[in-house]
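Novice: coords below, sequence missing:
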């Protein structure tokens with residue numbers, strides 16, 4: 001899902017992209033980012049999702065290798081996440097047994 005922050009896809013790729021090993025002419029950003037711990041990305045930085053209930057958004061928090069925050073401008077609002085998920089997952093059910 002495209003973030004709500006302006007120019008964020010282009011910004012993320014320019015800052016943290018890497019050339020694909022299989023397709024060397026294509027730049028990509030492949031990683032898993034979590035809310036409960038930081039993920040090291042390409043040995044360059046750490047990323048984590050910071051959930052702000054007060055501001056009703058999820059922020060991509062980026063830290064340098066010394067764990068100092070260097071960026072937190074990319075975000076998704078709760079409303080846009082709800083909107084997209086209701087379209088994508090309208091027929092999904094959860095079963096707990």
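Specialist: Looks like it came in fine. Predicted, not measured: the structure shown is a model, and the values here were computed from it.
Novice: Please enumerate the helices of this protein.
Specialist: In order along the chain, the chain carries the following helices (DSSP state H): 8-16, 78-88.
Novice: Lowest average pLDDT across those helices?
Specialist: Note on the helices of the chain: helix 8-16 shows the lowest mean pLDDT, a mean of 62.
Novice: Walking through this structure, point out its strands one by one.
Specialist: 18-19, 27-28, 39-41, 45-52, 57-63, 69-77 (DSSP state E).
Novice: what pairs with the most centrally placed residue in the chain across the strands?
Specialist: Central residue of the chain (C-alpha atoms, centre = their mean): residue 60, 5.3 Å from the mean position. Per DSSP bridges, residues listed as beta-bridge partners of residue 60: residue 49, residue 74.
Novice: Contact partners for it?
Specialist: 3, 12, 33, 47, 48, 49, 50, 71, 72, 74, 75 (C-beta atoms under 8 Å, 6 or more residues apart in numbering). Heads up, the C-betas are built off the backbone N, CA and C, glycines and all.
Novice: okay, the strands of the chain, which one's buried deepest?
Specialist: By mean neighbour count, with neighbours taken as mean count of other C-beta atoms under 10 Å, strand 57-63 ranks first of the strands of the chain at a mean of 19.
Novice: Who are the contact partners of the closest residue to residue 17 other than its chain neighbours?
Specialist: Once flanking residues are discounted, residue 17 sits nearest to residue 27: 4.1 Å by C-beta to C-beta, 6 or more residues apart in numbering. Residues near residue 27 by C-beta under 8 Å, 6+ apart: 13, 17, 18, 19, 20.
Novice: picking up where we left off before, would you list the strands of the chain in JSON lines and tack on mean pLDDT and distance to residue 83?
Specialist: Below are the strands of the chain laid out as JSON lines (pLDDT from 0 to 100; distance: least, C-beta to C-beta, whole Å):
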{"stretch": "strand 18-19", "mean pLDDT": "76", "distance to residue 83": "31"}
{"stretch": "strand 27-28", "mean pLDDT": "75", "distance to residue 83": "26"}
{"stretch": "strand 39-41", "mean pLDDT": "88", "distance to residue 83": "26"}
{"stretch": "strand 45-52", "mean pLDDT": "92", "distance to residue 83": "18"}
{"stretch": "strand 57-63", "mean pLDDT": "92", "distance to residue 83": "13"}
{"stretch": "strand 69-77", "mean pLDDT": "89", "distance to residue 83": "9"}
